[in-house]
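need a 3D model of the sequence below.
(3 chains)
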Amino acid sequence: MARSPEPEAPATPTDVAATDAPAGFRVHLASFDGPFDLLLSLISKRELDITEIALSAVTDEFLTYLRELDGPDELEEASEFLVVAVTLLDWKIASLLPQGELVDAEDVALLEARDLLFARLLQYRAFKQSSGWFASRLEAEAGRHARSVRLEDRFRERTPELRWTTSLDDFAALALLAFTPREIPTVGLDHLHAPLISIREQAAHVVSLLRRGDPVTFRQLIAGADQKGVIVARFLALLELYRHSAVGFEQLEPLGELTVRWTAENWSDENLVNLGADYGQ
Amino acid sequence: MASETRTDTATETAPQLDGTDVESAPAGIPQGVDVARALEAILMIADEPQSVVGLAAGVGRPVADVRAALAALVADYDGEAGGPRRGFELREVGGGWRLYVRNEYDKVVLDFVHTQSPAKLSQAALETLAVIAYKQPISRGAIASIRAVNVDSVVRTLLGRGLITEAFTDSETGAIHYATTELLLTQLGINSLDELPPISPLLDDGSKGFDDV
Amino acid sequence: MASETRTDTATETAPQLDGTDVESAPAGIPQGVDVARALEAILMIADEPQSVVGLAAGVGRPVADVRAALAALVADYDGEAGGPRRGFELREVGGGWRLYVRNEYDKVVLDFVHTQSPAKLSQAALETLAVIAYKQPISRGAIASIRAVNVDSVVRTLLGRGLITEAFTDSETGAIHYATTELLLTQLGINSLDELPPISPLLDDGSKGFDDV
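Predicted coordinates:
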């Protein structure tokens, strides 16, 4: 498989600057041996299949590497690794999902999701690489010297007289204004998850079906659900009801049909009120 | 890119004085005085990059004349006008013109300057700065979704350094959008955002999906 | 990119004549480099008049050479060396050499300075002044972190207006700390800083975090 010949080998032709410190984190895996950055670039060029990389092995190696580091470097590398690892993980999940023929919209959505993650990885890399350009330019320019000298007295003395119009109280008010901590307002992310599906509402639906007494299969419970979110919410609702000892499960074989039975002895609909609170609903 | 607008408007709003108006223009230099000489006098006392428009207003001459005179001064100081290659040079940086010690003499002048260079930016700050530079104006939420981490403190650092500024606040979401400043251009030694190196072409494909996020 | 070209040329003509000499004489300029060019680089950024001895130490050349080079520069800028009579001149003032605006361009420069410094302080300048008044002595970095913007040019304005002054320079960080002047007290109509209206509650809370900055 793609063994890295030289750690210093340029990662991709799109490298803006040589940001890869030769002393950085290296990965040693069966299918790959080289710097972490190169691993990313190979994956992004699709020369290395993400499914062949054991993320847990990479993580273990990284933790070992971190133990030998000290101070701010460690924090920086650790947070960077987290960013990349999360992306890789997302991407890997998408890669592992079945890829049959593109028959239904759901499969297409999954493939799109995978491309989106792929794009995110590339985007992250692109900005990381360009930050190297910023660093080198900032450093180069910091060594330059612009003329910045005190205005000659003959000019300073003839600048227009300052017209001072601020009263003592106004001055204090200005100080108060300046010292007031500037809250950087936070942006709620709730709107990103619209439309919201309430676990509580879905639980009510599930309860109403189960309380009739007959066992119901999970397939029946989600019949008619037209959104993935609804299915997820009903599944979570079941888990919540199980926590309240309101339902029991029966599954004869792994991945087989899941049958749900109503087992609550004294259930009141008031129990529904707090249901799903852990999920922010 | 955003900077283009700046340059263009600058040219348009330039004072268009013709010779007869010089009397009424208090800032004008007398006829017969070389624009280049007046410009180098002004540049001698300026402590920030001076825009062509500001300089044109200062000497009371059309922008085109000032632009030509500046180009002549650059060549002059570079030793292309018969004189020596000076120990200083005229550079267009951060949207304006300013006198600098010529690169190869930076070491010589080191003992004579007392400016402390600001602390280096962290890798996180550099990456955030890169995101803002290429995607401005951009909200913190959008930066965070690209960087996949919380960027609040980094944004505060960049604001305090004057490298970015609040461009506008979205009236609907209340999200502040950030843009880079002229100071950043100056500190990068470039004159407009167009001079940023092209970012990976792959990004263009990838970024489409993120604008809506 | 424009800047790259500059760097390249710089490297080419860089004084790399004698590698060993560069190492051994950190302050000196290498053999073969024109003393006058190195001197004009230094003079370009020097705020105070520079003594001949100081300049000689800076370029690592005998005082006599430096004196001759200075005389040549004076003539050069005066237009006696074939070039134009510059908008600036090199003058010996109070035992030192400094670049000044040439007298005949005083009016142009003065007009320019007038447009640059309006009679009234801007809101940003007033707020920065208020911060300094209540938290003095305070470094520029600390002001910037309170105001969350870069305050360099505003501080320069306040210095130029004589409303603040450099109180001391931190020996460890090299950061200049600023304090207000008697002029500010006069403008505010008070006799001492004690008469500033208290804004303590907020200040106490807010200030804690800033001391470490």
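
make it CA atoms for all contacts and neighbour counts henceforth
Fine.

so what's residue B:73 closest to, chain neighbours aside?
In space, and not counting its chain neighbours, residue B:73 is closest to residue B:36: 6.7 Å by CA to CA, 6 or more residues apart in numbering or on different chains.

which strands or helices does the helix or strand that contains the one you found pack on?
Assigned by DSSP states H and E, residue B:36 belongs to helix B:35-45. Applying 3 or more CA pairs under 8 Å, 6 or more residues apart in numbering or on different chains; DSSP states H and E, one finds that helix B:35-45 contacts helix B:52-59, helix B:63-77, strand B:96-101, strand C:88-93, strand C:96-101, helix C:106-116.

and the contacts of the third one?
Right, the one you point to is strand B:96-101. Contact partners of strand B:96-101, identified using CA atoms under 8 Å, 6 or more residues apart in numbering or on different chains, comprise A:144-147, B:43-44, B:46-52, B:87-92, B:191, C:41-42, C:44-45.

just the buried members of those residues?
A:144-147, B:43-44, B:46-52, B:87-92, B:191, C:41-42, C:44-45 (16 or more other CA atoms under 10 Å in any protein chain shown).

and the residue nearest to the spatial centre of chain B, what does it touch?
With distances taken as CA atoms, centre = their mean, residue B:94 lies nearest the centre of chain B, 1.3 Å away. Listed by CA under 8 Å, 6+ apart, the contact set of residue B:94 reads B:49, B:182-187, B:189-192.

restricted to helices, list the residues you listed.
B:182-187 (DSSP state H).

leaving out the residues flanking it, which one is nearest to residue 199?
I went with chain A, as the question did not name one. Nearest to residue A:199 is residue A:233, by CA to CA, 6+ apart, at 5.0 Å.

that answer is for a different chain, and I need it for chain B
That would be residue A:126: by CA to CA, 6+ apart, it lies 6.6 Å from residue B:199.

which helix or strand contains the one you found?
helix A:105-142.

can you count the residues close to the nearest residue to residue A:143 once chain neighbours are set aside?
Leaving out its chain neighbours, the residue that sits closest to residue A:143 by CA to CA, 6+ apart is residue B:106, at 6.9 Å. By other CA atoms under 10 Å in any protein chain shown, 19 other residues sit near residue B:106.

report the contact partners of residue B:106.
A:143-145.

lowest confidence element among the helices and strands of chain B?
None of the helices or strands of chain B scores lower by mean pLDDT, DSSP states H and E than helix B:2-12, at a mean of 38.

where does the residue nearest to residue A:143 land on pLDDT?
pLDDT recorded at residue B:106 is 90.

against residue C:86, how distant is it?
23 Å (CA to CA, to the nearest Å).

ok, now residue B:73?
With CA to CA as the criterion, residue B:73 and residue C:86 are 11 Å apart.

ditto for residue A:242
89 Å.

who has more neighbours, those two?
Using other CA under 10 Å, the more surrounded residue of residue A:242 and residue C:86 is residue C:86, with 20 against 17.

just say helix, strand or coil for the more buried one.
Assigned with DSSP: H, G, I helix; E, B strand; the rest coil, residue C:86 falls in the coil class.

now do residue A:224
coil.

need the contact list for it.
Per CA under 8 Å, 6+ apart, neighbours of residue A:224: none.

quick one, phi/psi of it?
The phi and psi torsions at residue A:224 (degrees, to the nearest 10) take the values phi 80, psi -10.

roughly how far does it sit from residue B:49?
From residue A:224 across to residue B:49, the span is 67 Å (CA to CA).

and residue A:170, by the same measure?
For residue A:170, the distance to residue B:49 (CA to CA) stands at 33 Å.

rewinding a little: so which strand or helix has the residue nearest to residue A:199?
Using DSSP H and E, residue A:233 maps to helix A:228-243.

name the helices or strands packed onto the next helix-or-strand element following that helix?
Once helix A:228-243 ends, the next helix or strand along the chain (criterion: DSSP H and E) is strand A:247-251. When contacts are defined as 3+ CA pairs under 8 Å, 6+ apart, strand A:247-251 packs onto helix A:228-243, strand A:258-262.

quick check: residue B:154 is in a strand.
No: using three-state DSSP, the assignment for residue B:154 is helix, not a strand.

where's the closest residue to it other than its chain neighbours relative to residue C:125, distance?
Nearest non-adjacent residue to residue B:154, counting by CA to CA, 6+ apart: residue B:125, 5.5 Å away. Distance, residue B:125 to residue C:125, by CA to CA: 27 Å.

same question for residue A:151.
Noted for residue A:151: a distance of 18 Å to residue C:125, by CA to CA.

before we move on, what about residue A:61?
Distance of residue A:61 to residue C:125, computed by CA to CA: 53 Å.

ditto for residue B:72
36 Å.

more neighbours: which of those two?
Taking neighbours as other CA under 10 Å, residue B:72 and residue C:125 compare with residue C:125 leading, 18 against 15.

care to break the chain down by domain?
Since you didn't name a chain, this refers to chain A. Domain ranges of chain A: A:32-139, A:199-274, per the TED database.

not what I meant, chain B
Under the assignment automatic domain parsing, the domains of chain B span B:1-118, B:123-212.

so which of those gets nearest residue C:60?
Taking CA to CA, domain B:1-118 is the member of these nearest to residue C:60, at 9.6 Å.

just for the chain, where's the confidence low?
If you meant another chain, say so; for now it's chain A. Counting by pLDDT under 70, chain A contains low-confidence residues at A:1-59, A:62, A:66, A:69-77, A:79-81, A:83-122, A:181-197, A:273-281.

chain B, not that one
Applying pLDDT under 70 to chain B flags residues B:1-33, B:114-118, B:148-149, B:200-213.
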